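K.L.:
Dropping the sequence and predicted coords here.
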Amino acid sequence: MIIHLNANKNMKTYTVNLTIRGILKLTTVICLVTITACTQSKTSSCIVDVSHPGVAVAPICRGQQVEEFNHQFEGGLYAQLISNPSFEEVDSVGDNAHFLRFWSLVKQGSSEGSLSTSTTNLLNSYQTHCLKLDITSVASGDVGAADSGYWGMKLVNNTTYKVSFWAKKDANFAGNLLTKLESNGGKSYASFTFKPITKWAHYTCDITSSGISSVTGTNRFVIYGTTTGTVYIDVITVMPPTWKNRQNGCRPDLAMVLDSLKLKYLQFPGGAATGGLNLSESWYWKGSIGPIEERSPVKANIWKYGNDHFFGLDEYLQLAEDLGAEPMYTTMAGIIPYLNGVRNLYNNIDSMRAIISDILDLIEYCNGASGTFWGNKRIANGHSAAYNLKYVEIGNECQMDTTFHGNWSQYTTRFTMIRDSIIAHYPNMKIIYNGSHNLFGSSTANGCKMDYTDEHFYPDLTEKNFHRAYEKYNNINLGVGKICVAEMANQTQGCAPNEIGNHKDAVRDAVFHLGCEKNSARMWWTVYGNYAGFVGHGDYGPCLVWNDAVSYFCTPSYYGQKILFSDNSGTQILPFTENTDNCYWSASVGTEAGKNDVLLKVANPTAASESVDISLKDVVKVDPNGHSTTLTGAPDDENSLANPARVIPTNATFMAGTNFKYLFPAWSVTVLRLKVLK
């Protein structure tokens with residue numbers, strides 16, 4: 001008879017041989033075994049075999065998927081201050097059929113005017129709306145159109161802002177256009193005057209702020225008209241200083257937070273933004289290149305995520321270059337996966353030709369030499385060198401129908417068509433397949449040829465399944481290539497639009513990702529699920545970073561990921577044997593920059609601390625000054641704009657040795673770094 005006592009995460013097995021007479025004493029036997037198990041003195045331990053380093057450490061949490069939802073770029077990473085800059089976000093509100101989001105009329109005293117959108121007198125064939133400013137009286141002063149940014153506009157004193165817009169006037173307007181950066185109360189911080197003409201013209205200026213006593217978001221940009229008449233305005237940008245001084249670049253504080261993750265891969269433009277049955281429903285790269293005024297305006301995709309294409313393909317690729325990360329492009333596959341509770345929708349297979357042609361054009365734009373059609377386009381758009389795109393994922397979560405309904409043939413058919421066409425033209429391109437969404441299921445690629453399989457998970461891990469998540473990739477089907485987990489986030493409180501993410505999520509994330517790192521032989525890279533969001537205006541949570549117009553904060557998951565994998569990546573996996581109740585481990589040696597360090601990474605996702613005897617096998621001597629980085633907190637603790645440092649890592653030293661004891665706190669993520677001496 002076998003009796004299992006699951007006293008901790010290590011299954012203990014006790015065997016009892018029973019004769020017929022012994023059956024009569026079964027109760028006594030069970031009691032004796034129970035007493036022995038409960039009273040046995042157990043010492044938690046971990047033995048690390050430093051003399052036998054294994055495979056190279058996979059870039060766990062060293063990639064990131066970014067896309068335009070949660071206002072991740074518009075209102076976030078993208079530095080542009082103007083919201084609805086080409087006036088394409090037009091709603092019907094009450095009796096107003098042309099309600100402009102984010103824009104309002106500013107007038108003084110008895111002066112009068114109105115704002116509306118026009119679908120005539122347009123700038124060009126790419127734009128479908130422009131702003132019409134009608135001024136009927138300037139008796140008490142100028143009348144203008146104001147934009148307060150994305151729920152606020154940050155202005156900093158003695159800072160230069162680059163203003164750009166297009167405008168034309170009717171013959172009845174004889175005045176000037178006065179552009180201003182000002183407080184919401186009308187206090188001017190910077191201004192410039194233009195004289196418009198009756199044809200569309202491009203107007204630019206650099207204006208430097210002054211008189212700002214404190215940094216707030218209670219500001220606006222206004223274009224005032226100084227006389228009565230009608231003016232048309234379109235395609236406005238107001239750019240503060242950007243990260244690495246890119247012309248159409250990123251907000252410095254948020255870009256530096258992303259850069260601190262030391263990414264090796266950047267995946268874009270989605271995510272869900274790539275879903276669609278045809279090119280008009282998906283993120284359209286051809287409409288996102290070239291001059292901003294010639295980019296096709298997009299109000300929302302099938303998931304209702306807004307996107308104006310001002311931050312386009314070249315900007316994504318430039319961001320990857322600036323981060324030192326390999327770009328990874330996600331194509332559409334002619335499938336809408338599980339939209340609004342409806343099973344997957346598929347396009348007509350004949351329409352795949354247009355999708356495949358578009359994908360091949362994209363690769364030529366990224367990698368084509370001078371003399372190729374799309375290579376010439378890239379060069380004309382300002383990037384003479386090829387972007388050297390090496391990785392393409394075909395579709396996003398197109399196997400979701402497989403996971404829930406067992407129908408995988410529609411995706412594999414389309415995947416194979418796209419993959420074969422790409423490889424025929426670009427035989428060295430690495431292709432990624434949409435894998436499973438079942439954390440506790442098997443990885444599969446259904447016989448398709450690929451290099452990597454991408455799996456997405458949004459669990460709420462508990463003590464019942466920590467170990468299964470940790471050991472997810474102890475073994476995999478060799479037919480899936482190496483595993484990429486391009487979206488994974490624990491969701492203790494679900495995925496509501498403004499769900500921030502707490503410390504419990506961070507520790508549970510760490511359990512999964514440490515399991516991935518110890519299985520580096522089978523892993524390519526992993527990613528956190530949703531990168532960033534605008535506080536109070538998200539689509540899905542939790543995220544690594546949240547911001548408003550002025551500031552930001554990082555969640556505990558950001559810090560957990562950063563200390564475990566960005567700041568302490570390691571170079572080769574070390575084998576280890578552990579016997580602990582609460583801790584989940586990964587061990588590696590770090591030889592970067594001439595170092596010879598042992599890295600022990602540990603997550604304790606329980607309410608009990610654990611003291612562990614740690615041994616470094618075949619090590620003669622270590623520096624007695626060990627270094628630790630620890631993330632701790634109460635399970636429900638969250639960071640916020642008001643308290644961004646509620647849960648942050650702490651650094652300390654400890655007494656290290658070839659044999660030493662260490663106490664891992666409850667609800668903690670810990671990195672121990674020990675220097676091996678020769």
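P.N.:
Cool, got the structure.

K.L.:
Which pLDDT value belongs to Ala496?
P.N.:
Note for Ala496: predicted pLDDT of 87.

K.L.:
Torsion angles phi and psi at it?
P.N.:
Note on Ala496: its backbone torsions stand at phi -60, psi 160 [degrees, to the nearest 10].

K.L.:
tell me which residues form a beta bridge with the residue lying closest to Lys107 once chain neighbours are set aside?
P.N.:
Nearest non-adjacent residue to Lys107, counting by CB to CB, 6 or more residues apart in numbering: Val143, 4.6 Å away. Backbone N, C-alpha and C define where each C-beta goes, glycine included. Beta-bridge partners for Val143, by DSSP bridges, are Lys107, Gly225.

K.L.:
contacting residues for Val143?
P.N.:
Shown in contact with Val143 (CB atoms under 8 Å, 6 or more residues apart in numbering): Leu105, Val106, Lys107, Gln108, Ser111, Glu112, Gly113, Leu133, Ile135, Ser137, Tyr224, Gly225.

K.L.:
let's see 7 Å
P.N.:
Contacts for Val143 (CB atoms under 7 Å, 6 or more residues apart in numbering) come out as Lys107, Ser111, Gly113, Ile135, Tyr224, Gly225.

K.L.:
and the helix or strand where the third one lies, average pLDDT?
P.N.:
Taking DSSP states H and E as the criterion, the element that holds Gly113 is strand 112-118. Average pLDDT, strand 112-118: 95.

K.L.:
Same question for stretch 375-389.
P.N.:
The average of the pLDDT scores along stretch 375-389 is 98.

K.L.:
Now the strand holding Gly113: buried residues?
P.N.:
For strand 112-118, the buried set under the neighbour-count rule, 16 or more other CB atoms under 10 Å, comprises Glu112, Gly113, Leu115, Ser116, Thr117, Ser118.

K.L.:
Check stretch 234-246 too.
P.N.:
By 16+ other CB under 10 Å, the buried positions in stretch 234-246 come out as Asp234, Val235, Ile236, Thr237, Val238, Met239, Pro240, Thr242, Trp243.

K.L.:
so can I have JSON lines of the residues you listed showing secondary structure?
P.N.:
Putting the buried residues of stretch 234-246 into JSON lines (DSSP: H, G, I helix; E, B strand; the rest coil) gives the following:
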{"residue": "Asp234", "secondary structure": "strand"}
{"residue": "Val235", "secondary structure": "strand"}
{"residue": "Ile236", "secondary structure": "strand"}
{"residue": "Thr237", "secondary structure": "strand"}
{"residue": "Val238", "secondary structure": "strand"}
{"residue": "Met239", "secondary structure": "strand"}
{"residue": "Pro240", "secondary structure": "coil"}
{"residue": "Thr242", "secondary structure": "coil"}
{"residue": "Trp243", "secondary structure": "helix"}
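
K.L.:
Farthest-apart pair in these, please.
P.N.:
Greatest spacing in those, by CB to CB: Asp234 and Trp243 (27.0 Å).

K.L.:
Just the closest of the buried residues of strand 112-118 to Asn651, please.
P.N.:
Leu115 (53.8 Å).

K.L.:
ok, that closest one to Asn639 distance?
P.N.:
Here the criterion is CB to CB, to the nearest Å. By it, Leu115 lies 39 Å from Asn639.

K.L.:
Any chance of TSV for the buried residues of strand 112-118, columns distance to Asn498?
P.N.:
Shown next, in TSV, are the buried residues of strand 112-118 (distance: CB to CB, whole Å):
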residue	distance to Asn498
Glu112	39
Gly113	36
Leu115	30
Ser116	33
Thr117	30
Ser118	35
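
K.L.:
ranges for the helices of the stretch 351-500 of the chain?
P.N.:
352-367, 373-380, 400-405, 409-425, 466-470 (DSSP state H, counting those that start in this stretch).

K.L.:
nearest to Ala56, of these?
P.N.:
helix 466-470 (20.6 Å).

K.L.:
buried sites along that closest one?
P.N.:
Buried residues in helix 466-470, counting neighbours by 16+ other CB under 10 Å, are found at Phe466, Ala469, Tyr470.

K.L.:
Retrieve the pLDDT associated with the first one.
P.N.:
Phe466 is assigned a predicted lDDT (pLDDT) of 95.

K.L.:
For it, which non-adjacent residue is spatially closest?
P.N.:
Nearest residue to Phe466, sequence neighbours excluded (CB to CB, 6+ apart): Val511, at 5.3 Å.

K.L.:
just checking, that neighbour is part of a helix?
P.N.:
Yes - applying three-state DSSP, one finds Val511 inside a helix.

K.L.:
so it makes contact with Asn465?
P.N.:
No - contact criterion CB atoms under 7 Å: Val511 and Asn465 do not qualify, at 9.7 Å.

K.L.:
Of those two, give the one with the bigger neighbour count.
P.N.:
Shown here are Val511 and Asn465; by other CB atoms under 10 Å, Val511 has more neighbours (21 against 14).

K.L.:
about what we covered before: quick check, nearest of the buried residues of strand 112-118 to Lys449?
P.N.:
Once CB to CB is applied, the member of those that ends up nearest Lys449 is Thr117, at 49.6 Å.

K.L.:
Quickly list what that closest one is bridged to.
P.N.:
For Thr117, the beta-bridge partners are Leu131 (DSSP bridges).

K.L.:
Quick one: residues contacting it.
P.N.:
Counting by CB under 7 Å, 6+ apart, the residues that Thr117 touches are Phe87, Val90, His98, Leu100, His129, Leu131, Lys132.

K.L.:
Buried ones among those residues?
P.N.:
Buried subset of the contacts of Thr117 (neighbour count, 16+ other CB under 10 Å): Phe87, Val90, His98, Leu100, His129, Leu131, Lys132.

K.L.:
Quick check: which of the residues you listed has the minimum pLDDT.
P.N.:
Here the lowest pLDDT out of those sits on His98, with 53.

K.L.:
Could I get the contacting residues of the most centrally placed residue in the chain?
P.N.:
Centroid check for the chain by CA atoms, centre = their mean gives Tyr531 as the closest residue, at 2.6 Å. Tyr531 is in contact with Gln64, Gln65, Val66, Gln72, Cys543, Leu544, Val545, counting by CB under 7 Å, 6+ apart.

K.L.:
which residues touch the spatially closest residue to Val57 that is not a sequence neighbour?
P.N.:
Spatial nearest neighbour of Val57, chain neighbours left out: Gly570 (4.5 Å); criterion: CB to CB, 6+ apart. Shown in contact with Gly570 (CB under 7 Å, 6+ apart): Val57, Ser588, Val589, Gly590, Leu599.

K.L.:
Count the residues that sit near the residue nearest to the fourth one when sequence neighbours are not counted.
P.N.:
Sequence neighbours aside, Asp597 is the residue nearest to Gly590 in space, at 4.4 Å (criterion: CB to CB, 6+ apart). Here the neighbour count serves as a burial measure; for Asp597 (other CB under 10 Å) it reads 21.
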